[in-house]
Structures are given as C-alpha cells and as structure tokens.
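Participant: Return a 3D structure for these sequence lines:
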Amino acid sequence: MIHQDHKKIVRHILDTLQKKEFLAYIVGGAVRDTMMQRAPDDVDILTNASIKNIETIFSNQKVKIIGKAFPICLVEGVEVSTSRARFEVSNFPESDLAKRDFTINAMAYDPYLKKILDPFNGRKDLEDSIIRFTKDPEKRIHEDPVRMVRACRFLAMIEGSLSLSSLEGILACKDLLDDSIAKERIQHEIIKAMGLKKPSLFFKALKKTELLSKIFPCIDRCYTLDGGPHHNETVFEHCMMVGDALPANRPILRLAGFLHDVGKFDAARTDNGKLIFAGHENYTQAVVQDLTCLRFSINDITYITSLIKSHMRPLKDETTPKAVRRLLAMLETLGLDYKEFMRMRIADKKGNLAKRPYKLSEIKVRLKKLLEEMKDACAFHENDLEITGNDIIRILDISPGPDIGKIKQMLFEKVLDNPKLNTVHELKKICLSLKIKK
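Facilitator: So this is what the prediction gives:
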C-alpha cells in the first residue's frame, strides 16, 4: 500500500517533468497491480529526461543514482528511470517498454491523458494469466538471466502459466544461472515468492523450467520420492503443501516449511519392504549447502535448520509434563519460540493427505500443555539453574575443568524431571551426594 506522502512526491515529480517539457509515465508494477485490482507497493516513473537532466531539475531535493548498466535516479525515494533506448527517442516510451522483462510489466500509464499504453498486449496476457517475455525471450533473458526466476515468481503471483515461447526460451537459457549471477538476487526473488498466496506454484514453475535443480537441488531430488507408508503424497508434494500452509508474513518460516522434509532423501532406507526415513530431521547438510550458495545469512540458515531439527518432536494428548519440559528445553537450545514450533506442526499435519488436519480443540490441548509448563518459570536451559559453575566448584572444592559442565548437565536433567529441585538448597544437596559417592 502506497503512503499518501509517497503519492504527493510522485505527483510532484510528474508535474515538474511536464513543466520542463519532458514526457513522464507511471510504469511497471504499479500499472500491472492496478489492473489486477491490487494496491501497488510503490510507483516507478519513466521519463525521456536524461540522468543529468533529472539531477539538475531536482537539485534541491534528495537525489541518488543507483545501478551501473541501467542507472536509475531515486528522487525522494521514488524510482525515476530514463529511457534505455537512447537512439529511438521518437518512439518513446514504446522503445523503452520493448526492453522490459514481461508484457505485463511493459505497460505505461499517461497521468495527463489518463490512458494506458500497452504496445505488447500485456492487458490481454493478464486477463489470460499468461507470463510472456517482451518480444524475443532469449534476448530478454541474456540481458538479465535472473528474469527466468522472476518469470516463475510472476507466474505464481497471477496463478497462471508461461507462454510456450517463454518456456522454450528459459529451457534454452537455463544454464545461464550457473555462472556469474549474484546469488543474492535469486535469494531476493525467493523471499518475495514466499509472500505470495501459493508459493508452491513458484517451486513447481522452477521445476517445469528445469531451474529448480540449479537453485534448490535439495528440493528437486525429492520430486518423485515416495512419501512412505504414512503419506499419500510424494515428499515434494508434502513440502509444497506444508509451505503453503504457513503464514505469508513470515518468509523464512515459510521457506523452512518447503524445506522441512528434504532430508528424507538422504535418510531413506528400506525396512521389511517398507520405506522409512528414520532421523531425517537431522539430515540438514544439503539444505545448509543450498542456502549458503544462495547467500542466506547465518541467522536465517540456523533458524531454518532449527525448525527442521525440531519438527518431528512429538506433542500429543498423552505427552507427559516431563516430556513437554524436555521439548521446551530443546526449543530453548535451538533458539525457537513455542509458537513457531506449533505453526510448523500444524502445517506439517495439514500437508499430509493420509491424515486429517488438527482440530481446533486438539491445537488448544497442545498449547495448554506447553503453557502449563512455561507458567511456573521452569528451567529450560542449563543457565536457568539456581547455581552456577563457580558455585559447583566451591561446593565440591574442585578445580575448574570439563567435569563442571558434565555436573551442570546432570543437574539440569534432574531439574527437567523435577522442577522443584531447582533451588540452591536442593542442587547443593545433589552436588554433595556426588562428593560422598566419590
């Protein structure tokens, strides 16, 4: 949603350019989104004024130049781009729109004549839910290979399909993603896709275009992997449903949903004729490798792998308080909130065609179990113990060393079993009993 102040700045820029006898149009996403009856996130302006003209015209305002191949001016935060087709000025803006990625993004709005310029039938492609490269697909792709990934994201956004020429163009150029592409840009497309209604369409489009194996080989290899006796869908299909079931405003959590079971490929074994995936939540090496290659931060990678490692931890009607405390201790160690754990559990169940989703009453029972153990301020980490390593050294009159850590772990295990033991008096008694046994 565009802020009112942003709209005023846009209007000021358009009016100023017109007064200086330059042409100016609203282009790209704002036009597309308006035609889709969606509120645009921002507004981009296209003008036949040069970069130098723009700097001069708006010299009394905050102007920043970004980009090298196609420099763009940011005027008070509004993107103002100049024509890329320098030698076709008589055909402006069509000559510039011809160099944009897709027909649905190659439309312009004339704010004074109040009409849409649509030289490549983007409106028709929107109506038909078709993603089509503007003019020559391979030429558009060679200009910027990341456009292949963008094509898959826009396909998912409009819940449509690729034109035949676009699909053929991507298949012909797919190897361009292998070299000299800034992986951060691909990561950016992935994050934006996570905010869509059904990001699974993005991954399915990547698969159809043979890009998935280049971006997320850990997901690609699960495409035909049987889900095993507890599922009626493949591992790939299951991951797609789980990811879609997670909230759009939590992109990294959602991405974890799409990745949560890909370790099954490495864990797959046959036992008495049955396919099993014992311990698959611990097979995170392939996920880490893919995320690292895509330049995800260490924090994001740690968060995703923590969700993967914890998603199989049981929480049922019959789960004992002691087991709940151990679950909470695990989440504390992994740096996860119980709500994140529950979101993943609920989505995981929803994405299993062999089982029914949790009922609201079942979710409430599980939440109550967690909250009951949390309300008493139990110790869920060794550092929550009422005595420290220095206390242990003093009580047992021993030197610092690895034994202190082992004793703290033993005390923590006892406190997890019985939270009432987490007092200085009780923990001191346990420590002294160790001394006696020695």
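Participant: who does R269 bridge with?
Facilitator: Here R269 sits in beta bridges with I276, as judged by DSSP bridges.
Participant: ah, wrong one, I meant I131
Facilitator: Under the criterion used (DSSP bridges), I131 bridges to L162.
Participant: Would you check that it makes contact with F102?
Facilitator: Yes - the criterion here is Cβ atoms under 8 Å, and I131 meets it with F102 at 5.8 Å. For the C-beta atoms, the positions are set from N, CA and C on the backbone; glycine is no exception.
Participant: what touches both of these two?
Facilitator: Listed contacts common to I131 and F102 are 125, 151, 154; contacts here mean Cβ atoms under 8 Å, 6 or more residues apart in numbering.
Participant: Burial check on the first one, number of neighbours?
Facilitator: The one in question is D125. Counted by other Cβ atoms under 10 Å, the residues lying close to D125 total 21.
Participant: now swap in T333 and tell me
Facilitator: 14.
Participant: Check I363 too.
Facilitator: Other residues within reach of I363, judged by other Cβ under 10 Å, total 15.
Participant: Let me see the residues that make contact with the helix or strand of the chain with the lowest mean pLDDT.
Facilitator: Confidence across the helices and strands of the chain bottoms out at helix 424-437, with a mean of 82, counting by mean pLDDT, DSSP states H and E. Outside helix 424-437, the residues that touch it by Cβ under 8 Å, 6+ apart are 385-387, 391-392, 395-396, 407, 411, 414-415, 420-421.
Participant: so what are the domain limits for this protein?
Facilitator: The record's domain parsing of the chain by automatic domain parsing lists 4-120, 129-214, 216-375, 382-437.
Participant: centre of the chain versus the least confident helix or strand of the chain, how much separation?
Facilitator: Centroid displacement of helix 424-437 relative to its chain, using Cα atoms, centre = their mean, to the nearest Å, is 49 Å.
Participant: go on, stretch 270-280?
Facilitator: With Cα atoms, centre = their mean, you get 30 Å for stretch 270-280.
Participant: Could you do stretch 266-286 as well?
Facilitator: Counting by Cα atoms, centre = their mean, stretch 266-286 is centred 26 Å from the centre of its parent chain.
Participant: and among the domains of the chain, the most buried is which?
Facilitator: domain 129-214 (a mean of 19; mean count of other Cβ atoms under 10 Å).
Participant: hey, where'd the helices end up in the stretch 301-438 of the chain?
Facilitator: Taking DSSP state H, counting those that start in this stretch to define them, one finds helices in the stretch 301-438 of the chain at 321-334, 338-350, 360-374, 389-396, 402-417, 424-437.
Participant: Among those helices, single out whichever gets nearest to E237.
Facilitator: Nearest of the helices of the stretch 301-438 of the chain to E237, taken as Cβ to Cβ: helix 338-350 at 12.8 Å.
Participant: other SSEs contacting the closest one?
Facilitator: With contacts taken as 3 or more Cβ pairs under 8 Å, 6 or more residues apart in numbering; DSSP states H and E, helix 338-350 sits against helix 235-245, helix 251-259, helix 298-310, helix 321-334, helix 360-374.
Participant: Let me know which of these is the nearest to R11.
Facilitator: Smallest distance to R11 across these (Cβ to Cβ): 32.2 Å, for helix 251-259.
Participant: rewinding a little: report the angle between the least confident helix or strand of the chain and helix 389-396.
Facilitator: 50 degrees (axes from the mean of the first three to the mean of the last three Cα atoms, to 10 degrees).
Participant: got the angle for helix 424-437 vs helix 402-417?
Facilitator: Going by the same axes, to 10 degrees, helix 424-437 makes 130 degrees with helix 402-417.
Participant: Tabulate the CA atom coordinates of helix 424-437 in CSV.
Facilitator: Extracted in CSV, the C-alpha atoms of helix 424-437 (Å, rounded to 0.1, in the frame of the first residue of the first chain):
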residue,chain,number,x,y,z
VAL,A,424,20.1,-23.6,45.8
HIS,A,425,19.4,-25.9,48.7
GLU,A,426,18.3,-28.9,46.6
LEU,A,427,21.0,-28.5,44.0
LYS,A,428,23.7,-28.2,46.7
LYS,A,429,22.4,-31.4,48.3
ILE,A,430,22.7,-33.3,44.9
CYS,A,431,26.3,-31.9,44.4
LEU,A,432,27.3,-33.0,48.0
SER,A,433,25.9,-36.5,47.3
LEU,A,434,28.2,-36.7,44.3
LYS,A,435,31.1,-35.9,46.6
ILE,A,436,30.1,-38.6,49.0
LYS,A,437,29.9,-41.2,46.2
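Participant: now the helices and strands packed on helix 338-350 in JSON lines, with mean pLDDT and distance to A98?
Facilitator: What follows is those, written out as JSON lines (pLDDT from 0 to 100; distance: least, Cβ to Cβ, whole Å):
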{"stretch": "helix 235-245", "mean pLDDT": "98", "distance to A98": "36"}
{"stretch": "helix 251-259", "mean pLDDT": "98", "distance to A98": "33"}
{"stretch": "helix 298-310", "mean pLDDT": "98", "distance to A98": "38"}
{"stretch": "helix 321-334", "mean pLDDT": "92", "distance to A98": "51"}
{"stretch": "helix 360-374", "mean pLDDT": "92", "distance to A98": "53"}
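Participant: closest one to V63 among those?
Facilitator: V63 lies closest to helix 251-259 among the helices and strands packed on helix 338-350, at 31.4 Å (Cβ to Cβ).
Participant: what is the mean pLDDT for the helix or strand that the closest one is followed by?
Facilitator: The element immediately downstream of helix 251-259 (helix or strand, assigned by DSSP states H and E) is helix 264-267. Helix 264-267 comes out with an average pLDDT of 97.
Participant: which residues are contacting helix 264-267?
Facilitator: So helix 264-267 is in contact with 218, 221-222, 225, 228, 235, 277-280, 282-283, 285-286, going by Cβ under 8 Å, 6+ apart.
Participant: which one in those is the model shakiest on?
Facilitator: Within the contacts of helix 264-267, pLDDT is lowest for G228, at 90.
Participant: Torsion angles phi and psi at that one?
Facilitator: Torsion angles at G228 (phi, psi; degrees, to the nearest 10) stand at phi 90, psi 180.
Participant: State the distance from it to G243.
Facilitator: 19 Å (Cβ to Cβ, to the nearest Å).
Participant: now swap in E138 and tell me
Facilitator: E138 is 31 Å from G243, where distance means Cβ to Cβ.
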